[in-house]
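Peer 1: Sequence and predicted structure, then a few things I'm wondering about:
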Amino acid sequence: MACQFYVDPESGRKQRSPLEAGMRPAIAEQLRPYPPIHLVHARPRSRCPFMKVYDYSGGYLAQCRVLNRLLTRSEVETCDKYWSSCPFYKMGLHQKTSELQ
């Protein structure tokens, strides 16, 4: 198996990892997940309206739409438990109300 970060000098393309191979290319390129830190095995149950969850290679990825990035495993756990007191949740609400005005 080749290194997932290897770039073939002839083609200039990175070889896709087995995890990326099962995903739609646009999502893999846009989110750039690194499974050891982003992949969670249980579907996040956060009620935060700014969390978007993606099925990914037998697990889940969670994206914070306020931060516009994937959450790490520990951040997903924190968001599940304390989403209503999260400063990013409050920022998201503020942004949302500013857009409506």
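Peer 2: Here it is on my side, so go on.
Peer 1: low-scoring stretches of this protein, by residue?
Peer 2: 1-28 (pLDDT under 70).
Peer 1: where exactly do the helices run in it?
Peer 2: 18-21, 25-31, 35-38, 73-82, 87-100 (DSSP state H).
Peer 1: quick one: contacts of the last one?
Peer 2: Residues outside helix 87-100 that contact it (CB atoms under 8 Å, 6 or more residues apart in numbering): 48-50, 64-67, 83. For glycine as for every other residue, the C-beta is placed from the backbone atoms N, C-alpha and C.
Peer 1: let's see 7 Å
Peer 2: By CB atoms under 7 Å, 6 or more residues apart in numbering, the residues outside helix 87-100 that reach it are 48, 50, 64, 66-67, 83.
Peer 1: follow-up on the earlier one: quick one: closest of the helices of the chain to Ser57.
Peer 2: With CB to CB as the measure, helix 18-21 is the member of the helices of the chain nearest Ser57 (4.5 Å).
Peer 1: which of the contacts of helix 87-100 count as buried?
Peer 2: 48, 50, 64, 66, 83 (16 or more other CB atoms under 10 Å).
Peer 1: right, and the pair among the residues you listed with maximum separation?
Peer 2: Val66 and Trp83 (11.3 Å).
Peer 1: hang on, the earlier thing: now the helices of the chain as CSV including distance to Gly58 and mean neighbour count?
Peer 2: As requested, the helices of the chain are arranged in CSV below (distance: least, CB to CB, whole Å; neighbours: other CB atoms under 10 Å):
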stretch, distance to Gly58, mean neighbour count
helix 18-21, 9, 14
helix 25-31, 15, 12
helix 35-38, 10, 14
helix 73-82, 15, 16
helix 87-100, 28, 12
